[in-house]
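1. attaching a predicted model along with its sequence, questions to come.
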Amino acid sequence: MLKSGENSDIFPTSAMALLPILRYPDARLHKVARPVAAVDERVRTLVRDMIETMYGAQGIGLAATQVDVHERVVVIDVSEERNAPLVLINPELLWASAERVMGEEGCLSVPGIYDGVERAAQVRVRALDEHGQAREIEADGLLAVCIQHEMDHLLGKVFVEYLSPLKRGRIKTKLQKAERQDKAERVREPV
């Protein structure tokens with residue numbers, strides 16, 4: 001299990017970029033991510049940019065799918081200090097407990113929407129880290145939920161798909177209306 005003070009040496013504060021986050025119901029959120037062929041400098045740059053984007057958006061997890069990169073890369077930080085990023089490249093779920101927990105989830109791709117989702121209480125995952133080293137992580141609590149949530153994104157699934165069709169329809173309508181209002185306000189702003 002990852003301890004809450006671990007940090008990686010590949011996350012200096014220089015030359016990182018905030019990436020645009022796709023918003024539900026964008027069809028690109030439903031693309032299945034392909035495996036990363038090699039953990040090289042391109043992937044490490046993507047990881048650094050994803051971490052900065054996650055922190056900038058006040059999130060605790062981000063999948064590459066959400067930034068329109070359809071490769072199996074996830075970054076997570078559930079630490080209180082926001083200084084313990086966890087990188088999962090090509091994550092595989094090895095085990096999930098039969099015990100289930102219901103918790104309220106939100107998503108950077110579904111801003112302002114929170115609802116209850118049932119997940120496995122504990123998971124074990126195998127993945128590569130930012131150095132290409134294989135590791136296994138056992139997680140429970142918020143970390144287990146976050147891992148499952150982000151791995152769903154790699155499969156093209158957004159948490160609202162666990163909700164009833166009626167709730168999904170209302171969320172879609174609400175977000176589309178907010179997007180139209182945003183666009184209208186940007187058009188009215190002076191340059």
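-> Great, that's in hand.
2. for the chain, what's the longest helix?
-> When secondary structure is assigned using DSSP state H, the longest helix within the chain turns out to be helix 165-188.
3. in it, which residues are buried?
-> 168, 171, 175 (16 or more other CB atoms under 10 Å). Yep, even glycine has a C-beta here, placed from its N, CA and C like the rest.
4. nearest residue to the middle of this protein?
-> Taking CA atoms, centre = their mean, the centroid of the chain lies closest to Leu62, which sits 2.3 Å from it.
5. for Asp40, what are phi and psi?
-> Note on Asp40: backbone dihedrals following degrees, to the nearest 10 are phi -120, psi -170.
6. tell me the one among the buried residues of helix 165-188 nearest to Val75.
-> Ranked by distance to Val75 (CB to CB), these are led by Leu175 at 23.5 Å.
7. so which residues of this protein form strands?
-> Per DSSP state E, the chain has strands spanning 61-63, 73-76, 86-96, 100-107, 110-120, 122-128, 134-140. These are given in chain order.
8. the last one vs strand 86-96, what angle?
-> Which is strand 134-140. Note on geometry: by axes from the mean of the first three to the mean of the last three CA atoms, to 10 degrees, strand 134-140 and strand 86-96 are set 70 degrees apart in direction.
9. buried residues, strand 134-140. List them.
-> Neighbour-count burial for strand 134-140 [16+ other CB under 10 Å]: 137, 139.
10. quick one: strands adjacent to that strand?
-> Sheet pairing of strand 134-140 (DSSP bridges) gives strand 122-128 (antiparallel).
11. next one: the second one
-> Its sheet considered, strand 73-76 pairs with strand 61-63 (antiparallel), strand 86-96 (antiparallel) by DSSP bridges.
12. send me that strand as PDB with only the CA atoms.
-> The C-alpha trace of strand 73-76 is given here as PDB (Å, rounded to 0.1, in the frame of the first residue of the first chain):
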ATOM      1  CA  VAL A  73      -2.200   6.500 -17.500                       C
ATOM      2  CA  VAL A  74      -3.700   7.600 -14.100                       C
ATOM      3  CA  VAL A  75      -2.500  10.100 -11.500                       C
ATOM      4  CA  ILE A  76      -3.900  10.200  -8.000                       C
END
